[in-house]
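Enquirer: Build me a structure from this.
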Amino acid sequence: MTKLLVLSDSHGVTGTMRSAVERQQPDYIVHLGDYERDAKWLTAVFPDLPLISLPGNCDRPMPNVIQTKLLDFEGVKIFMTHGHLYDVKHGLLKLELAGREAGANIVLFGHTHQQLCVEKDGLWLLNPGSCGEWFPSCGLVSLQNGSAQCSLLDLSN
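Expert: Numbers count the residues shown, from 1 in each chain. Sure thing, here's the model as predicted:
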């Protein structure tokens, strides 16, 4: 089994991220933006743990920086983005369509700071919420034999 720890919207609060990594012992960390420097911090603290990240809307815009990624883990395709490019604060249709068009099994996004974990017609939509100060949370993706299971975790305790 492969376990991905999904973090988003840390906004400079790194303690909960460290705690989540130490408690969950994931195989990979995914950071969905806001702030990229927090993703770099994770790499420095956990240098042997692979990290996949992309920028959010609060990160300094840079030309030629990839803002969406399509990953393949054990035959499971994962579409990841921060979410602002798909206007997720006003609905998920654009994001869902982008994920389906990409052939994804899972869509990972953040931006709203609101947790969401739902499977819609074979497509998982996972927003881990914010791992920052208020009501910190994260997401988990478990992959085994070409199938996926997504869940949410409260990091406040």
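Enquirer: gap between stretch 15-35 and the chain center?
Expert: When C-alpha coordinates are averaged (CA atoms, centre = their mean, to the nearest Å), stretch 15-35 and its chain have centres 10 Å apart.
Enquirer: oh, I was asking about stretch 108-122
Expert: 10 Å.
Enquirer: May I see the buried residues of it?
Expert: 108-113, 115-117 (16 or more other CB atoms under 10 Å). No exception for glycine: its C-beta is placed from N, CA and C like everyone else's.
Enquirer: Next: stretch 48-55.
Expert: In stretch 48-55, counting by 16+ other CB under 10 Å, buried: 51-55.
Enquirer: next one: stretch 55-72
Expert: 55-56, 59, 67, 69, 71.
Enquirer: tell me, how many neighbours does Cys150 end up with?
Expert: Neighbour count of Cys150, defined by other CB atoms under 10 Å: 22.
Enquirer: Please give me every residue in contact with it.
Expert: Applying CB atoms under 8 Å, 6 or more residues apart in numbering to Cys150 gives the contacts 106, 117, 119, 124, 126, 139-142.
Enquirer: Can you give me the distance of it to Ile78?
Expert: According to CB to CB, to the nearest Å, Cys150 stands 10 Å off from Ile78.
Enquirer: Which residues are in contact with each of these two?
Expert: Counting by CB under 8 Å, 6+ apart, the residues touching both Cys150 and Ile78 are 106, 141.
Enquirer: Show the pLDDT at the residue most central in space within the chain.
Expert: Most central in the chain under CA atoms, centre = their mean is Val6, positioned 4.0 Å from the mean C-alpha point. At Val6, the model reports a pLDDT of 98.
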